[in-house]
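Asker: after the sequence you'll find the predicted model.
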Amino acid sequence: MPRRLPSLNQLRAFEAAARYQSIKDGADELCVTPAAVGHQIRALESFLEMTLFHRGVRQITLTEQGKRLADEIGHALDRIEAAVAPALNDSMSGTLKISVAPFFGNRWLLPRLQKFSGLHPLIDVQPVLSFDYVDLAKAGFDAAVRYGDGNWDGTVSELVFRDTLRPVCAPQLLEGRDLPLAPGDILGLPLASARNWPDDWSAWAEAVGTKLGDEVKVHEYESRSFMFDSALSGQAVILADARMTGADEKAGRLVCLKELSVERSQGIHVVAAFSAFSRKVRAFSDWMKAEAASCG
C-alpha cells in the first residue's frame, strides 16, 4: 500500500521555518528564497487541511497543531540525518574541512598536520582558523576543534586532552635562580592569566599546599595569545599545558619552574554535527589524541 505523505521539500521548509520561527531564516538555512519556503508551507497546509502558522505582519507563530507537528517532524528529520550521515561520509579520501580556533591552530595543530597527511595521504585537511562557534552543517564543515567542556548543542564531541597547567616563564625573568623554584618564590614573581580563567593561580597554589595571598596580583589578559606573549617576552609567569609550550621549552624560550600541575575541567575536543563521527573525522580525532598523548 503506497504511503500517503507530503513531499520532503514541504516538510523541510516547514520544519526549518518552525525551528527559527521565521520564514526568512528558514529560507537562509535551506539556501532558497522566502517565497519558495512560503509556497511549500502553504502546499503542506493544503495537503493536511490545517493551519500551521499564525501569520503576523512581520512574524509567524506556530498554531497548537503546528507545534505538535513541528516536534514530530524535527525528531523524524534528526533520525533521517543520522541514518544518512554515515553513508555520505564513509570515505577515507577527499576533503576534511575543520574549524579551528586561531591560537590552538597556530600553536599546536598546523605544525603537526603534515604527520596526519603522511598517515592519510588521500585526505585533504582544510583547516579554517576562526574564533566563531559556527553551525558546522550549515557552514559546510566536517568537524571543529573546540575548547570547552564538550557540551555543544546539536553536536557530538570527543575529548582530545584536558589542560594540565604548570608554571612557565622566559629564562630572563629568573635572574639566574636555580630550578625548580619553591611555590612561594614562584608566587613572588609577576604572574599573568587569561581573563576566561581567573582562578587558575588560586587552584595551582592550593594544589602545591599554599594560598594566593591578597598581596599577590595576577595580571589578566584578554586572551590566551596575549598571555603567552607576556611569558615569551619575559614579563610574567603563566600557567600553561606542556603540549602548548613544548616547542618553546625545547628552544629555550620558556622554562618550567615546577612540574607540579593542576588540571582544568575544560579541554580540547573534536566536534562533529551528527550523532556519530564519519570515518575521516574518526581518523582525525584518533590521530589528535595519539599526538597529544605522545607530546603531553
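Answerer: That came through, no problem.

Asker: other residues contacting stretch 241-256?
Answerer: If you take C-beta atoms under 8 Å, 6 or more residues apart in numbering as the criterion, stretch 241-256 is touched by 104, 107-108, 111, 161, 163-171, 174, 179-180, 228, 231-232, 292, 295-296. No exception for glycine: its C-beta is placed from N, CA and C like everyone else's.

Asker: from these, which land in strands?
Answerer: Assigned to strands by DSSP state E, the following of these qualify: 161, 163-169.

Asker: let me have those residues in CSV, extended by pLDDT, neighbour count and distance to residue 260.
Answerer: Formatted as CSV, those follow (pLDDT from 0 to 100; neighbours: other C-beta atoms under 10 Å; distance: C-beta to C-beta, whole Å):
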residue, pLDDT, neighbour count, distance to residue 260
161, 95, 18, 18
163, 92, 21, 15
164, 94, 16, 11
165, 95, 23, 10
166, 96, 18, 7
167, 97, 26, 9
168, 98, 24, 13
169, 97, 26, 15
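
Asker: tell me what the spatially most central residue of the chain is bridged to.
Answerer: Taking C-alpha atoms, centre = their mean, the centroid of the chain lies closest to residue 146, which sits 2.2 Å from it. Counting by DSSP bridges, residue 146 is bridged to residue 269.

Asker: what about it, distance to residue 225?
Answerer: Note on residue 146: its distance to residue 225, by C-beta to C-beta, to the nearest Å, is 16 Å.

Asker: take the ones in strands among the contacts of stretch 241-256 and lay them out in CSV including distance to residue 193.
Answerer: Formatted as CSV, the ones in strands among the contacts of stretch 241-256 follow (distance: C-beta to C-beta, whole Å):
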residue, distance to residue 193
161, 20
163, 12
164, 16
165, 10
166, 14
167, 11
168, 13
169, 13
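
Asker: mind showing which ranges of the chain have poor pLDDT?
Answerer: 1, 85-90, 296 (pLDDT under 70).

Asker: how about the strands of the stretch 1-150 of the chain, start to end?
Answerer: With DSSP state E, counting those that start in this stretch, the ranges of strands along the stretch 1-150 of the chain come out as 53-55, 60-62, 94-100, 123-129, 143-148.
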